[in-house]
Structures are given as C-alpha cells and as structure tokens.
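Asks: Fold the following and give me the result.
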Amino acid sequence: MQRTELTEDLFEGHIEIQHGDGWMKPWRLPYAQRALFPSPDDGLLGRAETTSGVRLRLATASQTIRLGFQPLPASEPAASRPGFCFDLTMDGELLATTSVLPEGTVAEFSDLPAHDKVVEIWLSQEVPVAISSLESDEPCRPATDDRRRWVTYGSSLTHCVRAHSPARTWPAIVARRHGLHLTSLGFGGQCHLDAMVGRVIAQLPADLITLKLGINTIGGTLSARTYPAAIIALVQIIRDRHPDTPMALVSPIGFPPNETAPNRVDYTIGAMRDDMEDMHRRLTDLGDTNLIYVNGLEVFDLELIARHAEDQCHPDGDGIEIQANNFDRAVMAQLLGQ
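Replies: Prediction:
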C-alpha cells in the first residue's frame, strides 16, 4: 500500500480544515472564527464539527482504499447501528458502505473497479472525523470538480443522523442524482436563522441555495414577531453576495405536536408556514425573481410522519429517502428548471 499526502484539496463539503499533529479535521463552520458562533453548551459548534455531507474526492485506479483517522467517539451510533458508516460512491452511485465501531480508526474499501475513476468517500454524518492517513494500492490524487454548487441550510432534518449511511442523507441523495457539488449545513437542533451562518452561506460559491427553516425555532427561540423578520434578514444577507442565485425557502415539514397547538410563545407550525409564504411574497414583490417558496408538507406530510417518525419529528432511514424524492420533485425541479 502507498500513502497519499493529506492536503486540503482532497476534501469537499466542508467550510474549513483544522490541522492537528498528523491529522486534518473538516468543519462545517469556520474553525478559526468559532468564537463568533456562540450557543448554549457550544451546541452549534458541536454539530458543525460533525461531517454530514463531507467527503474526500479522489482520482485513482486503486482497488483498495484505506482511510485512517483519530479514534471515533465512544458514543453509541444512531438508529441502533453497531458502528458509524462510511460510504464510497463513483459517478454518483453508491458502491460500498463500511461500518466502523466506536473508537475505531480505519475505514477500508476493497474490490473497487481497477480502471481510472473518480470516487468520493463520504464521512460519517454522526460524529467528528479527523483524518490521519490515506492509503491505496495505486496513487490517489485530488479530483477536479466543475459541478454546479448547491448549499443547503437546515436543522437535524437536514443533518440526517438517522440516514442509513452518509451518502443516503436526503441532501446527498439529491446531490448525487443531479451531479451537484454539495455543502450541507444541517445542524441538529441549531438552525435558528443565525446571521453569522447566513454570512457563511453568502461567502460560499453557490449556483443553488436552499433554506429549510423553522422546526428548531418552534421551541420558542423565535416568535410571530421575530421569525418573519429573521427570514427576511437571512435572505438579504445571502443576497448581498448572491443577488441572482436561485434560492428556495422551505417551511417546516409535518410536526404534530405544534401544527395547531401554540408553543410557549403562542406560535404554531401552521402559522410559521403562513408567515414564510408571506415573507416570500414580500421579497418577490420587491423584485427577487429567483426566490421560490415550498410548503414543507409537500416534502414530508403528516401521514409520512406517522409512518416514519417515532418521535413525531425525525424521519427514519427509509423516510429520509422518501424525503429526498419529495424534495427533488417539489424544490429542485423548480430550481433546476426541470
């Protein structure tokens, strides 16, 4: 086996790389500016440290690729899995999945096609992963990538820890289907329309942007007074750098506990959907012709929640794949002009 030098241009789907003693850790927010992203117990940074949607993109003829990393957390994997999953895709198709036990240090893929190819190794969507080595039986090099760039922002429903594996989160499925370069800013429990996250999105290259907002703020962090204004502010921050980029606002999917029952600030999911649609109308009336609105019930309705979400909120692995298909039909078909 030969070792490939680790360089930042091997990684995709991250915002910044943290360099340690013999390892590189991708973050989904700017690591050097992490002090500017405060949240209780550093919850937002904890989610940004996990690698949902992050991958290594390699050009190689190797039949075996071995990825080494610092020991994974000792925590229990989601969805009653024995280990944390890593995926390898080629031409958008899932070729292999390997499971690594908690505290494990190696993910290996073997019996790959012997010809020259571009592969992507998708890191676990559940935990931080600090890469320490890349070994293969043939040379690996960073692969060029001229695909259209899609940035999506959301909550745990975008983070998708319950997905069957990292290439089977709904953003990964949709990105692979359309040949898109994905940056997935799904932060479980931490999508509160933060202005600093909006600034991060604005500074990224993007051909498509989707904002799937609201389910975290129903806990009471935003109200009927502040939620609509936060939507407007987030869109306008992004529009400062991306004035014409196709963008979608997607309201919350089905959430039985607060569809009609008010939360502690007297707000409901139904009212949030109405307010987002109203904010979309105001923005388009003022000339934003590249902004669409999609009702979250078109992505995952109450019937699907009843079938695929034991906690009435988070779809299971099969539900996440249904969500991918529905998001594709309801949102991406409009943004991609299909």
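Asks: so Thr217 touches Ile231, yeah?
Replies: No: between Thr217 and Ile231 there is no contact under CB atoms under 8 Å: 10.1 Å. All C-beta spots, glycine's among them, are computed from the backbone N, C-alpha and C.
Asks: Could you tell me which residues touch both of the two?
Replies: Leu193 (CB atoms under 8 Å, 6 or more residues apart in numbering).
Asks: The two: which has the busier surroundings?
Replies: Between Thr217 and Ile231, Ile231 has the larger neighbour count (other CB atoms under 10 Å), namely 25 against 22.
Asks: Enumerate every residue touching the more buried one.
Replies: Contacts for Ile231 were tallied using CB under 8 Å, 6+ apart; they are 193, 213, 249, 275-276, 279.
Asks: His314: which of those is nearest?
Replies: Using CB to CB, Leu213 comes nearest to His314 of the contacts of Ile231, at 16.5 Å.
Asks: Distance check, the residue nearest to Arg28 when sequence neighbours are not counted against Leu88.
Replies: Among residues not flanking Arg28 along the chain, Ala48 sits closest, at 4.5 Å (CB to CB, 6 or more residues apart in numbering). Distance, Ala48 to Leu88, by CB to CB, to the nearest Å: 24 Å.
Asks: any idea of the mean pLDDT for the helix or strand containing the residue nearest to Arg28?
Replies: Using DSSP states H and E, Ala48 maps to helix 43-49. For helix 43-49, mean pLDDT is 98.
Asks: Now Met24, what are its backbone angles?
Replies: Per-residue torsions, Met24: phi -130, psi 130 (degrees, to the nearest 10).
Asks: Show me the helices in the stretch 51-200 of the chain, by range?
Replies: 156-159, 170-178, 195-203 (DSSP state H, counting those that start in this stretch).
Asks: Quick check: which of the ones you listed is buried the most?
Replies: Ranked by average neighbour count under the criterion mean count of other CB atoms under 10 Å, those are headed by helix 156-159 at a mean of 25.
Asks: could you say what helices and strands it packs with?
Replies: Counting contacts by 3 or more CB pairs under 8 Å, 6 or more residues apart in numbering; DSSP states H and E, helix 156-159 is packed against strand 181-186.
Asks: for this protein, which helix is longest?
Replies: What stands out as the longest helix in the chain, according to DSSP state H, is helix 269-285.
Asks: residues in contact with that one?
Replies: The contact list for helix 269-285 (CB under 8 Å, 6+ apart) reads 213-215, 217-218, 224, 227-228, 231-232, 235, 249, 251-252, 255, 258-260, 291-293, 295-297.
Asks: what about it, distance to the chain center?
Replies: 24 Å (CA atoms, centre = their mean, to the nearest Å).
Asks: Repeat that for stretch 209-218.
Replies: That offset, for stretch 209-218, works out to 13 Å (CA atoms, centre = their mean).
Asks: Any buried residues in that stretch, and which?
Replies: Residues of stretch 209-218 classed as buried: 209-218 (neighbour count, 16 or more other CB atoms under 10 Å).
Asks: quick one: which of the residues you listed sit in strands?
Replies: Of the positions in the buried residues of stretch 209-218, 209-212 sit in strands, assigned by DSSP state E.
Asks: Could you point out which of those is nearest to Leu101?
Replies: Nearest to Leu101, judged by CB to CB, of those is Lys212 at 32.0 Å.
Asks: And the pLDDT at that closest one?
Replies: Reading off the model, Lys212 has pLDDT 98.
Asks: got it, and Gly219?
Replies: We have a pLDDT of 90 for Gly219.
Asks: Can you report how many residues lie near it?
Replies: Using other CB under 10 Å, Gly219 has 13 other residues around it.
Asks: Between which two of the ones in strands among the buried residues of stretch 209-218 is the distance greatest?
Replies: Using CB to CB, those span at most 10.9 Å, a distance reached by Ile209 and Lys212.
Asks: How is the chain divided into domains?
Replies: 2-142, 149-335 (automatic domain parsing).
Asks: Show only the entries of the contacts of helix 269-285 found in helices.
Replies: 227-228, 231-232, 235.
Asks: I'd like to know which of those residues is nearest to Ala59.
Replies: Val235 (37.4 Å).
Asks: partner residues bridging Arg149?
Replies: Beta-bridge partners recorded for Arg149 (DSSP bridges): His181.
Asks: Does it touch Leu204 like I think?
Replies: Yes: using CB under 8 Å, Arg149 is in contact with Leu204, at 7.5 Å.
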